[in-house]
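Colleague: for reference, the sequence and a predicted model appear below.
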Amino acid sequence: MNKLSIILRNYFILILVSMSWCASVHADFNREYQLKAAYLLNFARFIYWPEQVIKTADNFNICVIGENPFNDSLDKLSNKKIKNKKIKITYSKYYVEETQCHIAYISKTKNNEHKDIINKIGNDVVLTVSDIDGFALDGGMIGFVRVKNKIKFEINVDKSVKSNIKYRSQLLEVAEQLR
Amino acid sequence: MNILKNLGIHSKLLIVYISITGLMLAIAFTIITSLNLKSSKNNIISDLNVVADIVADSSVASLAFSDFESAGSNLSLLKSHKSVVFACIRTAGNNVFAEYDLDVKNIFICDDFDAHENIIILNGYVDLFKPVFLDGEPIGRLQIKASLSELTERTIRSAQISLIIFIGLMLVTVLISRRIMRFITDPITSLKDLAQKVSRNKDYSLRMEKTTDDEVGVLIGSFNNMLDQIQNRDSALIEEKEKAEALAESAKNYALKTEKMNVDLENEIRERARIEDELQELNETLEDKVYERTSELKELNEKIGDIARNAGMAEVASGVLHNVGNVLNSVNVSASVIREHVRKSKAENLNRIVMMLEENKDNLAGFISEDDKGRQIPRFLSLLADQLNAEKEGLYNELDELASNIDHIKNVISMQQSYAGSYGVREKVVLSDLVEDALKINLQGMKRYGIKVVKNYNDIKQLYVDKHKTLQVIINLISNAKYALVDSANTEKEIILNISNEDDMARLEVRDTGIGIEKKDVPHLFEYGFKKRRGGHGFGLHHSAIVANELGGSVSVKSDGLGKGASFVLLLPYDKQITE
């Protein structure tokens, strides 16, 4: 076997490894947001929503503010129901109060604006969720964190209470940290 | 089974009691144990269900947020349940989400999801499957595997306790049964012992006391009765045995005697043979002798017949002579009376008158009128005339009597003559005429002894018989009756003569009220030579019986005893010819 062929073979292997790595990274990314999409839905399930809030809404609205990292993962959830309300996913670049979001997911792309959005929401009964680092500390309610390569979340209970959002104990039990 | 068959009734009953009680207790314990087991199992499952509910509930969030640690720590709560050996949670996608293993030996695996099975009990473990729901949506499934070893241990422990209780109860049963069974078996055992004793000692006098009226009591009663019978039979057998022995002894003696007799017999046979030879010789001359003797007997018989006939004749003749004698007696008396009359006649007084008159024939008138004696003569003569007339009358009477007696003699003799020579000739006769003739022959004596004759003659047919023979019999019967009355002290002296029919025969009954006949004499009355009357010759009735027999009839007698009279009945057949 000549050198060329060895080089070609290594190159080929390199290409293959690179391709597989890229694919793996991409797959991990997708997997993470699939999971997070599912978590969003589950958060909704572990919260005692005020009756008034649910009653007045036509749908259970999940708003994605900023760039959509979920691809169609959230859309796939639209056939589910929360409190007997159909889930409706809205994507927007900015927080729009009229949207009547029940859950507002603030994308990482809004890293610098998230506090404004939180402030804007104020004490409305809107569960704010984001995977921005320190989100719960910044006044958000649930912030995704990565612990030992696992997706966990922190809960800002005080803020939630102020916004009249009460969590089921099981949720608090599985939370990585409570603020 | 054979072993059981030969066991005593006590053991049999005990076995039966123990078997039944044991069976019942075993069934009861089995039922209780199985119910207990089932209940325990249900309790375990119920407990597991509660635990599973709690764990499932607390695992919802863990599943919802893929929190393995939380799920694991939830499962590890099961440590407090010692029976739980393994638990796991699978996701809705059937991936193993969390596991808990008590021994960490990895011998158990998390089973695949199967919605149909909630509980599986297998190989000493129970697997409980519990779905985990979030908002009504299944998000996973919890499996809890619990060991049933505790249950098994508990069951074994329970079984051991049950066994101890069972054994204890059985012992109590045996003790109580033995005590109770004594009531039943003791009398039977005693009866058995008694039977053995009786059988062994052959002592049939033993008895058992009857204490109850149940079946055993009846059995004892029957056994005692049986012993009574056996005892009686035994005594009878002993008696029979003794008799048999005595018989055997006597048979032995008899055999010895027989043997001796046989010897004697043989000798005798030999002797007989010898005699037979001699006899044979004699036999040859015997026929001649027999012939000779037969001829002699025949002759003798004829002679006897003649004697009997002559006797009959003699009886008649005797009767006739007797009557004639009697009549002659009367004649004699009459003659004596006449002679006495004549001797004592007052006619001699007349001679004295004549002599007085002769003496005074010269002065007859003066003598009659003046003399005292002469004056009485007319009166004397008158009285004498009366006396002589009376004498004449008496003499006439005596002479009449004399003439009558002489006539009677004439009649009797002429009657005797009329019967004489008619012997053996049959002729028509009227029975009452014969009776009357017989009466006439006997009449004289009867009058003298004041014998009254009562006659009851029924009108019967004429007989066709030997008149003479029949008269002989009738005379004999009437004569006997007469003598019976003469000898009797009875004042009422009667001869009753009844003539009637009896069974197509003429019946003459000659009944008297005389001395009667002793009962012991009645059967011998017709025997030859039997005489009761003084002066009798003992063959009158014997001959009468023979004659009656010859005439085809019979004579019978009946008497109620001494002093009560007798009744002789002569039955004579009507001759066939006349009847026809």
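Modeller: On my side now, so go ahead.
Colleague: can you map out the helices along the chain?
Modeller: Chain wasn't specified; assuming chain A. A:3-45, A:51-56, A:114-121, A:157-162, A:169-174 (DSSP state H).
Colleague: try chain B instead
Modeller: The residue ranges that make up the helices of chain B, judged by DSSP H, are B:2-6, B:9-58, B:60-64, B:68-76, B:149-201, B:215-343, B:347-359, B:364-369, B:372-419, B:431-448, B:467-486, B:540-550, B:576-579.
Colleague: got these as a markdown table, with distance to chain A and mean neighbour count columns?
Modeller: All C-beta spots, glycine's among them, are computed from the backbone N, C-alpha and C. A markdown table is the format used below for those (distance: least, C-beta to the nearest C-beta, whole Å; neighbours: other C-beta atoms under 10 Å in any protein chain shown):
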| stretch | distance to chain A | mean neighbour count |
| --- | --- | --- |
| helix B:2-6 | 72 | 7 |
| helix B:9-58 | 6 | 15 |
| helix B:60-64 | 3 | 26 |
| helix B:68-76 | 5 | 20 |
| helix B:149-201 | 31 | 14 |
| helix B:215-343 | 82 | 13 |
| helix B:347-359 | 207 | 12 |
| helix B:364-369 | 219 | 13 |
| helix B:372-419 | 175 | 14 |
| helix B:431-448 | 162 | 19 |
| helix B:467-486 | 163 | 24 |
| helix B:540-550 | 158 | 20 |
| helix B:576-579 | 155 | 10 |
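Colleague: any chance of the ones you listed in a markdown table, plus mean pLDDT?
Modeller: Rendered in a markdown table, the data for the helices of chain B read as follows (pLDDT from 0 to 100):
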| stretch | mean pLDDT |
| --- | --- |
| helix B:2-6 | 75 |
| helix B:9-58 | 86 |
| helix B:60-64 | 88 |
| helix B:68-76 | 86 |
| helix B:149-201 | 86 |
| helix B:215-343 | 77 |
| helix B:347-359 | 78 |
| helix B:364-369 | 80 |
| helix B:372-419 | 77 |
| helix B:431-448 | 81 |
| helix B:467-486 | 86 |
| helix B:540-550 | 84 |
| helix B:576-579 | 48 |
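Colleague: what is the rounded mean pLDDT of stretch A:169-179?
Modeller: Computed over stretch A:169-179, the mean pLDDT rounds to 87.
Colleague: in that stretch, which residues are buried?
Modeller: Taking 16 or more other C-beta atoms under 10 Å in any protein chain shown as the neighbour-count basis, stretch A:169-179 is seen to contain the buried residues A:170-171, A:173-176, A:179.
Colleague: now those residues as JSON lines including distance to chain B?
Modeller: Shown next, in JSON lines, are those (distance: C-beta to the nearest C-beta, whole Å):
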{"residue": "A:Q170", "distance to chain B": "3"}
{"residue": "A:L171", "distance to chain B": "5"}
{"residue": "A:E173", "distance to chain B": "6"}
{"residue": "A:V174", "distance to chain B": "4"}
{"residue": "A:A175", "distance to chain B": "9"}
{"residue": "A:E176", "distance to chain B": "9"}
{"residue": "A:R179", "distance to chain B": "17"}
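Colleague: now for the residues you listed: which two are most distant?
Modeller: Using C-beta to C-beta, the buried residues of stretch A:169-179 reach their maximum pairwise distance at A:Q170 and A:R179, which is 18.3 Å.
Colleague: hang on, the earlier thing: make JSON lines out of the helices of chain B and add distance to A:L35.
Modeller: As requested, the helices of chain B are arranged in JSON lines below (distance: least, C-beta to C-beta, whole Å):
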{"stretch": "helix B:2-6", "distance to A:L35": "81"}
{"stretch": "helix B:9-58", "distance to A:L35": "21"}
{"stretch": "helix B:60-64", "distance to A:L35": "11"}
{"stretch": "helix B:68-76", "distance to A:L35": "13"}
{"stretch": "helix B:149-201", "distance to A:L35": "41"}
{"stretch": "helix B:215-343", "distance to A:L35": "93"}
{"stretch": "helix B:347-359", "distance to A:L35": "219"}
{"stretch": "helix B:364-369", "distance to A:L35": "233"}
{"stretch": "helix B:372-419", "distance to A:L35": "186"}
{"stretch": "helix B:431-448", "distance to A:L35": "173"}
{"stretch": "helix B:467-486", "distance to A:L35": "173"}
{"stretch": "helix B:540-550", "distance to A:L35": "167"}
{"stretch": "helix B:576-579", "distance to A:L35": "166"}
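Colleague: which one, of the helices of chain A, ends up nearest to B:Y464?
Modeller: Proximity of those to B:Y464 was assessed by C-beta to C-beta; the nearest stretch is helix A:169-174, lying at 164.9 Å.
Colleague: so which bits of chain A are right by chain B?
Modeller: A:35, A:38-39, A:42, A:45-46, A:82, A:150-153, A:168, A:170-171, A:173-174 (C-beta under 8 Å from any C-beta of the partner chain).
Colleague: redo that, cut-off 7 Å
Modeller: Those residues of chain A that sit near chain B, judged by C-beta under 7 Å from any C-beta of the partner chain, are A:35, A:39, A:42, A:45-46, A:170-171, A:173-174.
Colleague: for the nearest residue to B:L508 once chain neighbours are set aside, name its beta-bridge partners.
Modeller: Excluding its sequence neighbours, the residue lying closest to B:L508 (C-beta to C-beta, 6 or more residues apart in numbering or on different chains) is B:L570, at 4.5 Å. Per DSSP bridges, residues listed as beta-bridge partners of B:L570: B:L508, B:V555.
Colleague: contact partners for B:L570?
Modeller: Residues in contact with B:L570 (C-beta atoms under 7 Å, 6 or more residues apart in numbering or on different chains) are B:473, B:477, B:508, B:548, B:553, B:555.
Colleague: my read is that the first one contacts B:A548, right?
Modeller: Think B:V473. Yes. B:V473 is in contact with B:A548 according to C-beta atoms under 7 Å; the separation is 5.8 Å.
Colleague: overlap in contacts, the two.
Modeller: Overlap between the neighbourhoods of B:V473 and B:A548 consists of B:555, B:570, taking contacts as C-beta under 7 Å, 6+ apart.
Colleague: could you check how far B:L570 is from B:N490?
Modeller: B:L570 sits 24 Å away from B:N490, taking C-beta to C-beta, to the nearest Å as the criterion.
Colleague: how about B:F86?
Modeller: Taken as C-beta to C-beta, the span from B:F86 to B:N490 is 151 Å.
Colleague: again, but for B:C88
Modeller: 155 Å.
Colleague: likewise A:E67?
Modeller: Between A:E67 and B:N490 the computed distance is 189 Å (C-beta to C-beta).
Colleague: how about low-confidence regions in chain A?
Modeller: In the prediction, chain A carries residues with pLDDT under 70 at positions A:1-2, A:15-27.
Colleague: in it, which residue is closest to the centre?
Modeller: Most central residue of chain A, judged by C-alpha distance to the mean C-alpha position with C-alpha atoms, centre = their mean, is A:K36 at 4.8 Å.
Colleague: surely that residue touches A:F144?
Modeller: Yes. Using C-beta under 7 Å, A:K36 and A:F144 qualify as a contacting pair, with a distance of 6.2 Å.
Colleague: what touches both of these two?
Modeller: Contact criterion C-beta under 7 Å, 6+ apart; residues shared by A:K36 and A:F144: A:131, A:151.
Colleague: how about B:F568, what does it touch?
Modeller: When the contact criterion is C-beta under 7 Å, 6+ apart, the partners of B:F568 are B:477, B:510, B:555, B:557.
Colleague: mind running it again at 10 Å?
Modeller: Counting by C-beta atoms under 10 Å, 6 or more residues apart in numbering or on different chains, B:F568 touches B:473-474, B:476-478, B:480-481, B:508-512, B:525, B:541, B:544, B:555-559.
Colleague: what's the pLDDT at it?
Modeller: What the model reports for B:F568 is a pLDDT of 93.
Colleague: ok, the closest residue to B:A92 other than its chain neighbours - how many residues close by?
Modeller: Nearest residue to B:A92 in three dimensions, chain neighbours excluded: B:I139, at 5.2 Å (C-beta to C-beta, 6+ apart). Residue neighbour count, defined by other C-beta atoms under 10 Å in any protein chain shown, stands at 23 for B:I139.
Colleague: B:I139 contacts B:P131, correct?
Modeller: Yes. Under the criterion of C-beta atoms under 10 Å, B:I139 makes contact with B:P131 at 8.6 Å.
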